[in-house]
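Enquirer: Sequence and predicted structure below; questions after.
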Amino acid sequence: MQRWMAARARGFGTSIFSEMTALALQHGAINLSQGFPDFAGPAHVKQAAVAAIQADHNQYAPAPGLPALREAIAATYRASYGVPCSAEHVTVTSGATEAIASTMLALIDPGDEVLIFEPAYDSYAPTTVMAGGVPRFVRLEPPAALGGRAAGDATRWWFDPAALQAACTPRTRAIIVNTPHNPTGKVFSRAELELIAELCHRHDLIAITDEVYDRLVYDGMHTPLATLPGMWERTVTINSTGKTFSLTGWKIGYTIAPPPLTDAIRRIHQFVTFAVATPFQHAMAAALTAALHDDFYARLLDFYRERRDRLTAILNQAGLSALPPEGTYFVMADIRGWGFTSDVAFCRYLTTQVGVAAIPPSAFYAQPETAPALARFCFAKELATLEAAAARLRQYTAPVAAS
């Protein structure tokens, strides 16, 4: 009953990911909506988890995380990006989602404002609200090739620096930067990050960066905001092993932050999950350590680039204008060629009538009615899955009734 529900919960509906996956199951649709692989994770990582279980590493890990895993995470960021971190700066969480929630609860007070680029991953605003904060949204504009206003490169999502500055007030406490960006596939350029860093310095803001797709960058390069001058001291870097090692159900995420911010996060984390599954932490420590000494990341990128290019071609052939994303494993496509202006109506039609599920990006906007007419498709799938989707889409290349 509604009267038993806390006020903070009343504004939260069911996640769009759960909704579209349930609809896909109901109608036997090929699920290109929710961002999870339909293929097995690496055998050596799974074997490491089995070995940890058989070695009886099955009791609570230390609340901040297994020391070996925290050191492997720190070593990865030092070697890959030059982030000046050690195991003491790392806190292991139940996926990046818990890392986001614990960070917001640790650093945001009631009335504090948080700048969020939209479209935005759907946990940012709710966790801000749960902490008593106020989300302030800054629009990422679609590239002209997807029907957006022209500004510079017609193939890149962009934001207006003046709009970002205008969103900042004396109550602004933090900014969330998701790069590579879900759902757009945008990789923030160094120039854009420098602009954000300058804003943080001028207004004394905390930066919270969500970098779970850092290994999936096809165009340009991933630059952690924490590596920019003066940003290490004010940045919480959030990441997860689930996307990188295709084991999303293990929920091994983490934060990297300087001591004052880490101390605050750990004070919350201990009362949210306390500790994360011990065998999986052992396995991910082994996986990260091995990846520093072999070509795993290069092979992963080649694997996903092939799927990115194939799905982009499939969508374009079906009359759904799409651009290859710079990063992540999502493609955004213009749905107007099918006669739709509502992304929700399009995705329901596509799932129930065509048998292919996608996500309506309006779910990532504070005002869904202002979202552009696009749909998000996931290519973290077997090539056979993408070809099966192509076969279904080929039957519906002619525009349907507008909605």
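Expert: On my side now, so go ahead.

Enquirer: I'd guessed residue 161 sits against residue 195; true?
Expert: Yes - between residue 161 and residue 195 there is a contact under Cβ atoms under 8 Å: 5.7 Å. For every residue, glycine as well, the C-beta is placed using N, CA and C.

Enquirer: okay, and for the protein, where does confidence drop off?
Expert: Regions of the chain meeting the criterion pLDDT under 70 cover residues 1, 150-153, 397-403.

Enquirer: For the chain, which segments count as helices?
Expert: For the chain, helices defined by DSSP state H occupy the ranges 7-10, 16-27, 43-54, 67-81, 95-107, 124-130, 161-167, 190-203, 241-244, 259-272, 278-291, 296-317, 343-349, 383-393.

Enquirer: and the first one, how far from the chain's centre?
Expert: Mean C-alpha position of helix 7-10 versus that of the full chain (Cα atoms, centre = their mean, to the nearest Å) differs by 24 Å.

Enquirer: Adding mean neighbour count and distance to residue 326, write the helices of the chain out as CSV.
Expert: Listed next are those as CSV, based on neighbours: other Cβ atoms under 10 Å; distance: least, Cβ to Cβ, whole Å:
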stretch, mean neighbour count, distance to residue 326
helix 7-10, 10, 35
helix 16-27, 16, 22
helix 43-54, 15, 27
helix 67-81, 20, 17
helix 95-107, 24, 20
helix 124-130, 21, 20
helix 161-167, 14, 19
helix 190-203, 17, 12
helix 241-244, 25, 16
helix 259-272, 16, 28
helix 278-291, 22, 22
helix 296-317, 17, 10
helix 343-349, 20, 21
helix 383-393, 17, 20
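
Enquirer: List the residues that contact the residue nearest the centre of the chain.
Expert: Nearest to the mean C-alpha position of the chain, by Cα atoms, centre = their mean, lies residue 182 at 4.7 Å. Residues near residue 182 by Cβ atoms under 8 Å, 6 or more residues apart in numbering: 35, 121, 212, 213, 328, 330.

Enquirer: gap between it and residue 211?
Expert: 11 Å (Cβ to Cβ, to the nearest Å).

Enquirer: if we can go back for a sec, specify which member of the contacts of residue 182 is nearest to residue 258.
Expert: residue 212 (20.7 Å; Cβ to Cβ).

Enquirer: What separation do you get for the residue nearest to residue 189 when sequence neighbours are not counted and residue 155?
Expert: Leaving aside its sequence neighbours, residue 189 sits nearest to residue 220 (Cβ to Cβ, 6 or more residues apart in numbering; 6.7 Å). Distance of residue 220 to residue 155, given as Cβ to Cβ: 12 Å.

Enquirer: buried sites along stretch 313-333?
Expert: If you call a residue buried by 16 or more other Cβ atoms under 10 Å, then stretch 313-333 has these buried ones: 314-316, 318-323, 325-333.

Enquirer: just checking, which of those residues belong to strands?
Expert: Among these, DSSP state E puts 321, 322, 330, 331, 332, 333 in strands.

Enquirer: Would you check which pair of these lies furthest apart?
Expert: With Cβ to Cβ as the measure, no two of those lie farther apart than 321 and 330, at 15.4 Å.

Enquirer: Is it correct that residue 68 is in contact with residue 282?
Expert: Yes - contact criterion Cβ under 8 Å: residue 68 and residue 282 qualify, at 7.2 Å.

Enquirer: Dump the helices of the chain into JSON lines; add distance to residue 116 as well.
Expert: Putting the helices of the chain into JSON lines (distance: least, Cβ to Cβ, whole Å) gives the following:
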{"stretch": "helix 7-10", "distance to residue 116": "17"}
{"stretch": "helix 16-27", "distance to residue 116": "17"}
{"stretch": "helix 43-54", "distance to residue 116": "33"}
{"stretch": "helix 67-81", "distance to residue 116": "24"}
{"stretch": "helix 95-107", "distance to residue 116": "11"}
{"stretch": "helix 124-130", "distance to residue 116": "5"}
{"stretch": "helix 161-167", "distance to residue 116": "9"}
{"stretch": "helix 190-203", "distance to residue 116": "12"}
{"stretch": "helix 241-244", "distance to residue 116": "21"}
{"stretch": "helix 259-272", "distance to residue 116": "19"}
{"stretch": "helix 278-291", "distance to residue 116": "29"}
{"stretch": "helix 296-317", "distance to residue 116": "26"}
{"stretch": "helix 343-349", "distance to residue 116": "20"}
{"stretch": "helix 383-393", "distance to residue 116": "31"}
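
Enquirer: Residue 337: which of the ones you listed is closest?
Expert: Closest among those, using Cβ to Cβ: helix 296-317, at 9.7 Å.

Enquirer: what does the closest one contact?
Expert: Under Cβ under 8 Å, 6+ apart, the answer for helix 296-317 is 32, 42, 215-218, 244, 290-291, 321-325, 329, 331, 333, 377, 379-381, 383, 386, 389-390, 393-394, 397.

Enquirer: That'll do, ta.
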